[in-house]
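1. Any chance you can model this:
(one chain, ligands or ions: 2)
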Amino acid sequence: MLLTLEKVRQTVKEVVDTTPLIDIHTHLFAPQFGDLLLWGIDELLTYHYLTAEVLRIAPISLDEYWKMSKQEMAEYSWEHLFRRRSPVSEACRGVLTCLEKFGIDPTEKSLETIRRYYAQQKVDTFIDKAMDIANVKSMVMTNDPFDPQETPVWNQVGNSDPRFQAALRIDPLLLNWGVASDTIREQGFKVSPDFNDSCVSGIKKFLDHWGDKMNPRYMAVSLPPTFTYPDDSLCTRVIDSCVIPFAMERKIPFAMMIGVKKLLHPGLRLAGDSVGKSKIASVENLCLKYPNARFLVTFLSRENQHELCVTARKFNNLMPFGCWWFMNNPSIIEEMTRERLELLGLSFIPQHSDARVLDQIVYKWKHSRRIIGQVLGDKYVDVVRTGWPVTKEEIEADVRQLFETNFERFVSGQ
Ligand code: RAT
Ligand code: ZN
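-> Ligands and ions are numbered 1, 2, ... in the order given. Presented below is the predicted three-dimensional model:
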């Protein structure tokens, strides 16, 4: 059915809200990973996005803060960010959206009422409930072969939960050879503390081992703003000699999340990371040098977003994805989604949740879908105004590309 100008905006909104999606980057885990899967109100309130906010205003030293238990920290956030002032920031608003969508009455502003709701939930059904409300069909985990809490689960149980897919995360391999080589050796593969050519086959065996165990959809790393490719660093050597050959052999993309200044303020721990503008030339150089490899890329700095779109116009082996971390705010999501649609049409992946707490998929997707729907609505209005006919079925197919098929096709190399 052809859509009139009046109908088009409402139809786009409905389609964007009701199309199931793949969440291509989260920090969530299948239930067999035990405590690695975070969920519930105390985790929501101690999310590092909120920690940074509460520590700006709290009359407390960092030492005193970190001495508190998880429950006490949650109470502290609740008191300072939700009761003593209104929760207007995006991270605070996220908690409110979760309460609303899970049907928890906030009128008393009582943490005890909320805790009672969570005490009645069972993790397995809560995963289904959250996915159902967020309309998420599957989620990609972040799987770290260097993490002693995670690796035994892969070695003993593995993942057969279809709600969760794996991604092989390799940060130490590129950024901290001391740590990486110790772990690789402890796991029984031959590498020396000083990186040299003889380490390549040990790394290859290590990657093969984890590739077989995890069956990852892609490999991934987060990189600092100073990341430069090529240069004479170990990072460049490992990318050239191990990462790209492994990714090409397995026919999976290499995801680069670029622009994080790790632990800029170490006292804030996980909340202490910051942002810097990165060099798009490194991505250009990789895409040019390896036309048969595929790169999923997101930048942390607003200043890199436009040039990422332009670079993606030059390389069909480059897929921009998501509005990452400090970009995941309504004003920036709107700007990024607009410029991506204008420069790339439908050939990008508009968002990922980066959820660290299961409940967050509900708010992150609710908030992002609203903006994506509005921006897309504007674009279809522009199209219909020219007299070009648009149907609901066409909009459905377009949104499916953004929410699912662009990822599926790109990771499988189609
Ligand atoms: O968004 C986040 O929660 C960050 O702390 C990081 O986890 C980042 O997304 C990453 O994957 O490194
Ligand atoms: Zn992440």
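2. so residue 408 sits right up against residue 21, yeah?
-> No: Residue 408 is beyond contact range of residue 21, at 11.2 Å (criterion: C-beta atoms under 8 Å). Placement of C-beta: from N, CA and C, glycine included.
3. more crowded one of the two?
-> Using other C-beta atoms under 10 Å as the criterion, residue 408 and residue 21 rank with residue 21 on top: 26 against 14.
4. Can you check which helix is longest in the protein?
-> helix 360-385 (DSSP state H).
5. got the buried residues for it?
-> 360-377, 379-380, 384 (16 or more other C-beta atoms under 10 Å).
6. C-terminal to that helix, which secondary structure element comes first?
-> Downstream of helix 360-385, the first helix or strand assigned by DSSP states H and E is helix 392-400.
7. could you list every residue that touches the residue lying closest to residue 358 once chain neighbours are set aside?
-> Closest residue to residue 358 apart from its sequence neighbours, by C-beta to C-beta, 6 or more residues apart in numbering: residue 39 at 3.9 Å. Each residue near residue 39 by C-beta atoms under 8 Å, 6 or more residues apart in numbering is listed here: 123, 126, 130, 357, 358, 359.
8. Inside helices: which ones of these?
-> Reading helices off these with DSSP H, I get 123, 126, 130.
9. so which of these would you say is closest to residue 115?
-> Nearest to residue 115 out of these is residue 126 (C-beta to C-beta; 14.3 Å).
10. gap between the nearest residue to the closest one once chain neighbours are set aside and ligand 1?
-> Distance criterion C-beta to C-beta, 6+ apart; nearest residue to residue 126, sequence neighbours excluded, is residue 39 at 6.2 Å. Using C-beta to the nearest ligand atom, to the nearest Å, one gets 15 Å for the distance from residue 39 to ligand 1.
11. what do you get for residue 139?
-> In terms of C-beta to the nearest ligand atom, residue 139 sits 14 Å off from ligand 1.
12. three-state assignment of that residue?
-> Here residue 139 is recorded as strand under DSSP: H, G, I helix; E, B strand; the rest coil.
13. Contact partners for it?
-> Residue 139 sits in contact with 22, 23, 26, 28, 131, 163, 164, 165, 353, 355, 361, where contact means C-beta under 8 Å, 6+ apart.
14. Write out the residues of the chain neighbouring ligand 1.
-> Applying C-beta under 6 Å from any ligand atom, one finds that the chain approaches ligand 1 through 27, 142, 222, 257, 325, 354, 356.
15. what helix or strand is the third one on?
-> Residue 222 is part of strand 219-223, with elements assigned from DSSP H and E.
16. residues in contact with the nearest residue to residue 323 once chain neighbours are set aside?
-> Nearest residue to residue 323, sequence neighbours excluded (C-beta to C-beta, 6+ apart): residue 333, at 4.7 Å. Taking C-beta under 8 Å, 6+ apart as the contact definition, residue 333 lies against 323, 327, 351, 367, 368, 371, 372.
17. Can you say which two of the residues you listed are spatially most distant?
-> 327 and 372 (13.9 Å).
18. any idea where the helices of the stretch 51-200 of the chain begin and end?
-> Remark: helices assigned in the stretch 51-200 of the chain by DSSP state H, counting those that start in this stretch are 62-67, 70-77, 90-101, 111-119, 123-134, 151-156, 171-175, 177-186, 199-214.
19. Could you list every helix and strand in contact with the fourth one?
-> To tie it back to what came earlier, the one meant is helix 111-119. Packed against helix 111-119 by the contact rule (3 or more C-beta pairs under 8 Å, 6 or more residues apart in numbering; DSSP states H and E) you find helix 41-45.
20. ok, which stretches of the stretch 151-300 of the chain are strands?
-> Taking DSSP state E, counting those that start in this stretch, the strands of the stretch 151-300 of the chain run over residues 164-165, 168-169, 219-223, 254-258, 260-261, 274-275, 295-299.
21. Tabulate those strands (JSON lines), appending mean pLDDT.
-> Converted to JSON lines, the strands of the stretch 151-300 of the chain look like this (pLDDT from 0 to 100):
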{"stretch": "strand 164-165", "mean pLDDT": "98"}
{"stretch": "strand 168-169", "mean pLDDT": "99"}
{"stretch": "strand 219-223", "mean pLDDT": "99"}
{"stretch": "strand 254-258", "mean pLDDT": "99"}
{"stretch": "strand 260-261", "mean pLDDT": "98"}
{"stretch": "strand 274-275", "mean pLDDT": "98"}
{"stretch": "strand 295-299", "mean pLDDT": "99"}
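22. Redo the ones you listed as a markdown table? Include distance to residue 86.
-> Below are the strands of the stretch 151-300 of the chain laid out as a markdown table (distance: least, C-beta to C-beta, whole Å):
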| stretch | distance to residue 86 |
| --- | --- |
| strand 164-165 | 36 |
| strand 168-169 | 37 |
| strand 219-223 | 33 |
| strand 254-258 | 32 |
| strand 260-261 | 30 |
| strand 274-275 | 26 |
| strand 295-299 | 31 |
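23. would you list those strands in JSON lines and tack on mean neighbour count?
-> Below are those laid out as JSON lines (neighbours: other C-beta atoms under 10 Å):
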{"stretch": "strand 164-165", "mean neighbour count": "22"}
{"stretch": "strand 168-169", "mean neighbour count": "27"}
{"stretch": "strand 219-223", "mean neighbour count": "22"}
{"stretch": "strand 254-258", "mean neighbour count": "25"}
{"stretch": "strand 260-261", "mean neighbour count": "19"}
{"stretch": "strand 274-275", "mean neighbour count": "18"}
{"stretch": "strand 295-299", "mean neighbour count": "26"}
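24. which one of those strands lies closest to residue 394?
-> Of those, nearest to residue 394 by C-beta to C-beta is strand 295-299, at 26.4 Å.
25. Could I get the contacting residues of the closest residue to residue 199 other than its chain neighbours?
-> Nearest non-adjacent residue to residue 199, counting by C-beta to C-beta, 6+ apart: residue 191, 4.3 Å away. Shown in contact with residue 191 (C-beta under 8 Å, 6+ apart): 181, 184, 185, 199, 202, 203, 206.
26. my read: the second one touches residue 203, true?
-> So that's residue 184. Yes: assessed by C-beta under 8 Å, residue 184 is found in contact with residue 203 at 6.8 Å.
27. Let me know the distance separating the residue nearest to residue 358 from residue 52.
-> Distance, residue 39 to residue 52, by C-beta to C-beta, to the nearest Å: 21 Å.
28. residues contacting residue 99?
-> Going by C-beta under 8 Å, 6+ apart, the list of residues near residue 99 reads 106, 114.
29. what about 10 Å?
-> 41, 44, 105, 106, 113, 114, 117, 359, 362, 363 (C-beta atoms under 10 Å, 6 or more residues apart in numbering).
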